[in-house]
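> Pasting the sequence and the predicted model now:
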Amino acid sequence: MLNKIVLALILLLPFIGCTQPQIQADTSTKVITANGEIAGELIKEINFKVKTSDLENFPAGEMTFIELGEANDLLKKIIGKDEVVIKNTTATLIIDYPLNKPFTLKMLSKKGFTRAMLLKTIVDSYKRIYKEEETTATVKTTPADQRPIMNRNQTNGKYGVWGHDLTDLALTGILVYQLPNGEIILNLEIDS
């Protein structure tokens, strides 16, 4: 029990007294309709642009996606990273790709959310999902060099991850929905 309390305090330390969003798992939020759509109105899309010196592939010097496996390295290069893109102090993040069982997080921030805060939360959440998946699965991930195809096999852990390793995923945007009760829902646009 004491180990769990110490671990919880260690995990919360970065959020105490700083502007990073607090994160709480919140699987009770019912935001998906029976046909799999968000039960709210799309109010905005948050896009990401990243400075790059690869002018051969990106003549404008900007990438419009962030590879999640390299997101921490790219964080400094995000254009408008400190801009508050969500003024609400709470938002629910939904991660549903490539998962069979969606993951939701209730995020809290005293001053709203910047692109950098959102990206860090998204990357940390994906790392957590993949780690929990591996520890709860009885069908383990086949190592990349032993796969008959490039794609990741489906595992049967807490989220049922399928098709892609974390390093295969790229964030292209965030769709921001507002529910009738005013709650803000963030749905990710992820490419692979």
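Looks like it came in fine. Numbering: from 1, shown residues only.

> where in this protein is pLDDT low?
Low-confidence segments of the chain, defined by pLDDT under 70, span residues 1-36.

> can you pull out the strands in it?
Taking DSSP state E to define them, one finds strands in the chain at 22-25, 41-47, 50-51, 62-63, 66-67, 84-86, 90-95, 103-108, 113-114, 170-178, 184-191.

> between the ones you listed, which gets nearest to D124?
Ranking these by proximity to D124 (C-beta to C-beta) places strand 22-25 first, at 7.7 Å. C-beta: built from backbone N, CA, C; applies to glycine.

> Now do the contacts for K51.
By C-beta atoms under 8 Å, 6 or more residues apart in numbering, K51 lies in contact with G61, E62, K77, I78, I79.

> And these, which is closest to F103?
Distance ranking of the contacts of K51 against F103, using C-beta to C-beta, places I78 first at 23.3 Å.

> so the closest one sits right up against K120, yeah?
No: using C-beta atoms under 8 Å, I78 is not in contact with K120, being 10.7 Å away.

> I would like the residues contacting the helix ranked longest in the chain, please.
Using DSSP state H to define each element, the chain has its longest helix at helix 115-136. With contacts defined as C-beta under 8 Å, 6+ apart, helix 115-136 is touched by 19-21, 23, 46, 48, 66, 68, 71-72, 75, 78, 80-83, 85-86, 93, 95, 99, 103, 105, 107, 109, 140-141, 155, 157-161, 165-166, 169, 171, 174, 186, 188.

> For that helix, which residues meet the burial criterion?
Applying a neighbour-count criterion of 16 or more other C-beta atoms under 10 Å, the buried positions in helix 115-136 are 115-126, 129-130, 133.

> Closest to E41 out of the residues you listed?
L118 (19.8 Å).

> mind checking how far that closest one is from L171?
As judged by C-beta to C-beta, to the nearest Å, L118 and L171 stand 9 Å apart.

> Equivalent analysis for Q154, please.
22 Å.

> Between these two, which is the more surrounded one?
L171 (22 against 15; other C-beta atoms under 10 Å).

> And the more buried one, how far from R147?
For L171, the distance to R147 equals 24 Å [C-beta to C-beta].

> try L188
As judged by C-beta to C-beta, L188 and R147 stand 25 Å apart.

> Burial check on the nearest residue to V139 once chain neighbours are set aside, number of neighbours?
The spatial neighbour of V139 that comes closest, neighbours along the chain excluded (C-beta to C-beta, 6 or more residues apart in numbering), is N156 at 4.7 Å. If you count neighbours by other C-beta under 10 Å, N156 ends up with 15.

> do the one 5 residues further on as well
Under the neighbour criterion other C-beta under 10 Å, V161 is assigned a count of 27.
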